[in-house]
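**Student:** Just the structure for this:
(chains A, B, C and D)
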4 protein chains.
Amino acid sequence: MISFKNDYSTIAHPYVMDKLISYRDEINEVYGDDYHSDNAKKLIREKIKCDSDIYFISGGTITNMISISAFLKPYEAVIAVKSGHINVHETGAVEGQGHKIIEVDGYDGKIRREDIINVIKKHVDHHMVKPKLVFISNATEVGSVYTKAELKELKDICVKYDLYLYLDGARLAVSLSASDLSYEDYAKLTDAFYIGGTKIGAYFGEALVINNKSLAFEFNYSLKHYGGLLAKGFMAGIAFEALMENNLYYEIGKEQNEKAKYLSDKLKNIGISFNSNSKTNQIFPILNKKIVDELLKEFSFEIWDNISDDKIVVRFVTTFKTNYKDMDLLIEKIKSLR
Amino acid sequence: MISFKNDYSTIAHPYVMDKLISYRDEINEVYGDDYHSDNAKKLIREKIKCDSDIYFISGGTITNMISISAFLKPYEAVIAVKSGHINVHETGAVEGQGHKIIEVDGYDGKIRREDIINVIKKHVDHHMVKPKLVFISNATEVGSVYTKAELKELKDICVKYDLYLYLDGARLAVSLSASDLSYEDYAKLTDAFYIGGTKIGAYFGEALVINNKSLAFEFNYSLKHYGGLLAKGFMAGIAFEALMENNLYYEIGKEQNEKAKYLSDKLKNIGISFNSNSKTNQIFPILNKKIVDELLKEFSFEIWDNISDDKIVVRFVTTFKTNYKDMDLLIEKIKSLR
Amino acid sequence: MISFKNDYSTIAHPYVMDKLISYRDEINEVYGDDYHSDNAKKLIREKIKCDSDIYFISGGTITNMISISAFLKPYEAVIAVKSGHINVHETGAVEGQGHKIIEVDGYDGKIRREDIINVIKKHVDHHMVKPKLVFISNATEVGSVYTKAELKELKDICVKYDLYLYLDGARLAVSLSASDLSYEDYAKLTDAFYIGGTKIGAYFGEALVINNKSLAFEFNYSLKHYGGLLAKGFMAGIAFEALMENNLYYEIGKEQNEKAKYLSDKLKNIGISFNSNSKTNQIFPILNKKIVDELLKEFSFEIWDNISDDKIVVRFVTTFKTNYKDMDLLIEKIKSLR
Amino acid sequence: MISFKNDYSTIAHPYVMDKLISYRDEINEVYGDDYHSDNAKKLIREKIKCDSDIYFISGGTITNMISISAFLKPYEAVIAVKSGHINVHETGAVEGQGHKIIEVDGYDGKIRREDIINVIKKHVDHHMVKPKLVFISNATEVGSVYTKAELKELKDICVKYDLYLYLDGARLAVSLSASDLSYEDYAKLTDAFYIGGTKIGAYFGEALVINNKSLAFEFNYSLKHYGGLLAKGFMAGIAFEALMENNLYYEIGKEQNEKAKYLSDKLKNIGISFNSNSKTNQIFPILNKKIVDELLKEFSFEIWDNISDDKIVVRFVTTFKTNYKDMDLLIEKIKSLR
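**Tutor:** Predicted structure coming up:
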């Protein structure tokens, strides 16, 4: 079975793994008060060119849950696009800590300026929640990316209406080459964002970067209160040291995008259409049911959505382990089934 | 200033008030363990012809908040129409206690069978919340009413998918004459509903009726835990004794509907169009900005929505205190301004 | 059956009731934006000689729950005495909104300076909650009262350690004559307190007084978010207008204390001992089981605690309705049973 | 600097690490639906001789937080000993999800039968939380252990009063040789417990074992809802495969206890007294301040409590990495300072 299923089914990227092994005999300080965490934070701060507060957390859902809960008052709400990860795929973790998510339609998985303005206009008094944080992802759930101009526009509208801009970077790596946004831009244009490790070659770990200092106040208390303080924080530190060295994080993303582009170009060539305008390592071709059934005998991948009885959106994900040979096999198979 | 602003701006209906006064020297048991509460429950059970568990709570938002929180597990979610009271006008009280509200478009303020089916189809595993309770109101936020056939259809789909059906009856009284639904039907077709007092002549109080016995288990603990246990529960008991006697509750609703119909018929006659198909005591005419500005000098009412710079949806509410003379003045004024 | 059971079993004090009746035909603004609420706030501000923010809420538990939740961040905790109302008799409402209560032993129902210092010393880092609010009641759960010197001492220690001082005044009225604390002192020495209405002659309602302006920021959102915004807020306004006029609130408390003193003096004269040093309208004599059983045939009162199989602490409460004749009957009965 | 600071400062036990490395090229299913997780569960079930539901979670605090929140209704409370981890060292994570912790004094870090009975007797109605879950740890926070007879007694009292018995096994391994309790006993005598990995040689991970099937219903939803579902669940699976093979988990615990016994025996020989009756790998000698200050120049360890200005309780922890040579150095140093 050849897998295009997701980008977190291997323990770690080889370089990250080698790093971990090299420290197997070390004794470290715990709860993140260790050398590796400090060094990883230093490396990240060099990339983002900003003296932000940085915290390592085990996974994406709990990072979003803790950050949003720590940043907002109970009656304050999040604005997110309908397809946003927190709105669909986190089993109500944000609402679970008390915050409403106001969903907006957006376009191509992205929130637009006018979506925010509409929400603000409708929330006029204390009988309604107070919209306070705009949640976006880059890359988005559907593989599209915000450009620098788009992110700047969102930032401006957030400043205007006194909203926080929070960016979920579970797959930030793939945005770095697919968009014109740099590490530095993320630090300048968001109040907080996270550099996702789990889906980019770390055995676990996300680096939450809080640029708005007022949001970092006593954040360690929130981290522990919501169950997110890692006992062996030094392991996350080691992973991010590895990812930040030699531009590895960027390179993993770039390689994944290139493979996805190879695959989607070939599929387009044979007339396959797509569900979103993905520029990153998740692509969403629309296939007939018969083709999907046949493919599943040799390849593993996600069924994303059923457009109709016969038209199915599937998701192919490319990773640092994806082979061109396997992609060719996939393409040939689809060709043969049409 | 003549008021069409809302139906809870007077202390109480004269009959309810007289009742209260008649008991001014009594000493009662507290926290709802009193004669009046027991008697009011008996009167309600006679109306609904069902041995349901009944609890008196101070207001609508806290009734919804406590009921939904007590009925659901943390990861279970509510399905509600976009315009639903809990989704818009309760400052995130339901999410505040941890539950996601999945909003659906509905039609004319009402949820349809297919809205529920669509939600069920999309929520397939534990990475998403589990839809478990359908929230509806009768009358709805926009004055429309569910018919018996419609409620039956929702009940059937809830049974099929193992969902609770919960009905917010803040203005249940007006539905009793505007729809073909009887008290008895509400008890048969919902898992729980509340008979609203605050907006129908009580000084305060809603009667939560839990028909599904499994949902009533240890409900008193939930009531106190969420701050909803009334110290002077006997006062709510007295109010509902008064409302249930002589069919008063039904009569108040009927009278309010008749007044609203008088007003809306006259407005239709002069060519005014409406934003919803209201059959109850809240009507939503669409007026030009100039007319609205003039009216506000002599009448008080709510601005509901701005359709465009010039087209404004307003809300007129009729109550047991509304005079036909005042309605005629309003109509004449609008006529003169067109 | 003669009742010494509690002080909230009658609808309202006659003067409050008459006030309410006098406004039975009025149409008011709703949700607390009305004349009566404004006027009651004005009258309270005159008493406390401070421009505090004031909110009317339906009952004590929900007032404590909303205030504490609004004032604290999720990881911040409350310090309360073991017997404190929020720690025992509110079904975990404060923890229900996410906050730990750190209980301290105290003395005679009161927190001492050293209790607070001990807590602060033990809570040293982010692996523990952050103590942030000291909760006290005056009168306390056991009828004792803080003196001005004691409250001043607590305030000083709170200032020193950057803690909020919150005072539950469910029975504030009885403290006003039993202690040397004035309305003004409460405003000066606490960050927030509430003037309890429900147990002092109001049909419902507590007046939350927020003296620390930073805690009042957007408090209306919290009020609605936690289900505590009263639709007919004007009714609470009317009650507090009545209670504040002619010093009625103080006088009710004073009268209740005098009756309790009459009763406890007589009981002490016949050799009855007490469980606490109550100076207010709740007294806690220790009686033999045989006496208690006999008394319960003619009098109603609470069993407070079982010290041993034979020694029982009971609670007698005096109110504006308590008669001296009935107290004499109670005393004679106890005498006859010894 | 020689460390006696804690038992989670190394990445993993060498055998666990080797296992992980051996799978570095594998592609696995995610979110715990993988071969390694299944196999680790099988191995655990063989040890406990029970068909319990098992879930792997990243750390101890979040395991306690999710389990307790999933098992209890909002108004239900936990009984825990004063020094219990959830009561002191988890920054209010349990209260953060809404549940009161009722603290009892206990003895030597352990809850006694009568502690539970006292709590039950005092919680009589819905004005108080409903005690529903007894939380214990084995080994306890102070290194002591429950015997089989003691655990059986607690189980019986829990059955009698319809309480859940939950056991935090962050250091279960050390209890297996220090007490007469076997894996099997834990499955029989608790409703749920967890086999701690993080502090016993895993890079991360706790195995939550739910023996009471009713508590496991839809637990996966809770896991995701509270942010605890591991993306790379297979890593926890690999760790527990390693720990369960060749009795490794037991052996690590046994070795750690032997080292601790060596150290405490020597310290007792030179007249040092201890703060608790520890039989496991955490020992708590009481030392003079001067000695502590000197020791800290060469050894790292935790200051546990200040009994007086001069008497300090410290904690020495032994691990699979602790050397006898280092222990001898510590003992000699203390000897020389007395």
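
**Student:** Which of the helices or strands spans A:Thr47?
**Tutor:** Actually, residue A:47 is Lys. It isn't Thr. In this assignment (DSSP states H and E), A:Lys47 forms part of helix A:35-48.

**Student:** From D:Tyr23, how far off is A:Leu248?
**Tutor:** Relative to D:Tyr23, A:Leu248 is positioned 21 Å away (Cβ to Cβ, to the nearest Å). Using the backbone N, CA and C atoms, a C-beta is placed for each residue, glycine as well.

**Student:** quick revisit: does the helix holding A:Lys47 reach chain D?
**Tutor:** No: between helix A:35-48 and chain D, judged by Cβ under 8 Å from any Cβ of the partner chain, nothing touches; the nearest distance is 10.5 Å.

**Student:** rewinding a little: looking at A:Leu248 and D:Tyr23, which is more packed in?
**Tutor:** A:Leu248 (20 against 16; other Cβ atoms under 10 Å in any protein chain shown).

**Student:** Nearest residue to the more buried one in space, please, no chain neighbours.
**Tutor:** A:Tyr15 (5.9 Å; Cβ to Cβ, 6 or more residues apart in numbering or on different chains).

**Student:** sec struct for that neighbour, please.
**Tutor:** Following DSSP: H, G, I helix; E, B strand; the rest coil, we place A:Tyr15 in the helix state.

**Student:** wait, doesn't it sit right on A:Ala242?
**Tutor:** Yes: A:Tyr15 is within contact range of A:Ala242, at 5.6 Å (criterion: Cβ atoms under 8 Å).

**Student:** what sits in contact with each of these two?
**Tutor:** Both A:Tyr15 and A:Ala242 are contacted by A:Leu248, under the criterion Cβ atoms under 8 Å, 6 or more residues apart in numbering or on different chains.

**Student:** Can you give me the neighbour number for A:Ile117?
**Tutor:** Neighbours around A:Ile117, by other Cβ under 10 Å: 13.

**Student:** Actually, A:Tyr324.
**Tutor:** 11.

**Student:** That one: what's it in contact with?
**Tutor:** By Cβ under 8 Å, 6+ apart, the contact list for A:Tyr324 reads A:Lys259, A:Tyr262.

**Student:** now the one 4 residues further on
**Tutor:** Counting by Cβ under 8 Å, 6+ apart, A:Asp328 makes contact with nothing.

**Student:** Please apply the same query to the one 10 residues further on.
**Tutor:** Contacts here follow Cβ under 8 Å, 6+ apart; on that basis A:Arg338 touches A:Ile270, A:Gly271, A:Ile291.

**Student:** Against chain C, which of those residues make the cut? List them.
**Tutor:** Checking the contacts of A:Arg338 against chain C by Cβ under 8 Å from any Cβ, not one of them is in range.

**Student:** and of those residues, the nearest to chain B?
**Tutor:** A:Ile291 (21.8 Å; Cβ to the nearest Cβ).

**Student:** Looks to me like that closest one is in a helix.
**Tutor:** Yes: going by three-state DSSP, the assignment for A:Ile291 places it inside a helix.

**Student:** follow-up on the earlier one: have a look at A:Tyr15 and A:Ala242 and say which one is more surrounded.
**Tutor:** Taking neighbours as other Cβ under 10 Å, A:Tyr15 and A:Ala242 compare with A:Ala242 leading, 27 against 17.

**Student:** and the more buried one, helix, strand or coil?
**Tutor:** Under three-state DSSP, A:Ala242 comes out as helix.

**Student:** got the contact list for it?
**Tutor:** A:Ala242 neighbours (Cβ under 8 Å, 6+ apart): A:His13, A:Tyr15, A:Val16, A:Asp18, A:Lys19, A:Leu20, A:Ala202, A:Leu248.

**Student:** all helices of chain A, in order?
**Tutor:** Counting by DSSP state H, chain A has helices at residues A:14-22, A:35-48, A:60-71, A:85-88, A:93-96, A:113-122, A:148-160, A:172-178, A:183-189, A:219-225, A:233-244, A:248-269, A:289-295, A:324-337.

**Student:** Of these, which is nearest B:Ser83?
**Tutor:** With distances scored as Cβ to Cβ, the stretch of those nearest to B:Ser83 is helix A:113-122 (11.4 Å).

**Student:** between the closest one and helix A:148-160, what angle do the directions make?
**Tutor:** Angle, helix A:113-122 to helix A:148-160, by axes from the mean of the first three to the mean of the last three Cα atoms, to 10 degrees: 10 degrees.

**Student:** Could you give me the buried positions within helix A:113-122?
**Tutor:** Within helix A:113-122, the residues scored as buried using 16 or more other Cβ atoms under 10 Å in any protein chain shown are A:Asp115, A:Ile116, A:Val119, A:Ile120.

**Student:** Those into CSV, with extra columns for distance to chain B and pLDDT?
**Tutor:** What follows is the buried residues of helix A:113-122, written out as CSV (distance: Cβ to the nearest Cβ, whole Å; pLDDT from 0 to 100):
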residue, distance to chain B, pLDDT
A:Asp115, 15, 98
A:Ile116, 18, 98
A:Val119, 12, 97
A:Ile120, 14, 97
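
**Student:** Show me which of those residues is closest to chain D.
**Tutor:** Set against chain D, the nearest of the buried residues of helix A:113-122 by Cβ to the nearest Cβ is A:Val119 (25.2 Å).

**Student:** what's near enough to touch that closest one?
**Tutor:** A:Ile79, A:Ile102, A:Val104, A:Pro131.

**Student:** Try it again at 6 Å.
**Tutor:** Contacts for A:Val119 (Cβ atoms under 6 Å, 6 or more residues apart in numbering or on different chains) come out as A:Ile79, A:Ile102, A:Pro131.

**Student:** and what of A:Gly109?
**Tutor:** A:Ser83, A:Thr140, A:Glu141, A:Val142, A:Ser144.

**Student:** Just the closest of these to chain C, please.
**Tutor:** A:Ser83 (27.1 Å).

**Student:** Quick check, that closest one in contact with A:Thr140.
**Tutor:** No: using Cβ atoms under 6 Å, A:Ser83 is not in contact with A:Thr140; the gap is 7.5 Å.

**Student:** what about those two, which has more around it?
**Tutor:** A direct count of neighbours by other Cβ under 10 Å for A:Ser83 and A:Thr140 places A:Thr140 higher, at 27 against 19.

**Student:** Chain neighbours aside, what residue packs nearest to the more buried one?
**Tutor:** A:Gly109 (3.5 Å).

**Student:** And the one you found, how far from chain D?
**Tutor:** Per Cβ to the nearest Cβ, to the nearest Å, A:Gly109 is found 21 Å from chain D.

**Student:** now do A:Pro14
**Tutor:** Distance from A:Pro14 to chain D, by Cβ to the nearest Cβ: 7 Å.

**Student:** hang on, the earlier thing: what about chain C: which of the contacts of A:Val119 touch it?
**Tutor:** By Cβ under 6 Å from any Cβ of the partner chain, no member of the contacts of A:Val119 lies near chain C.
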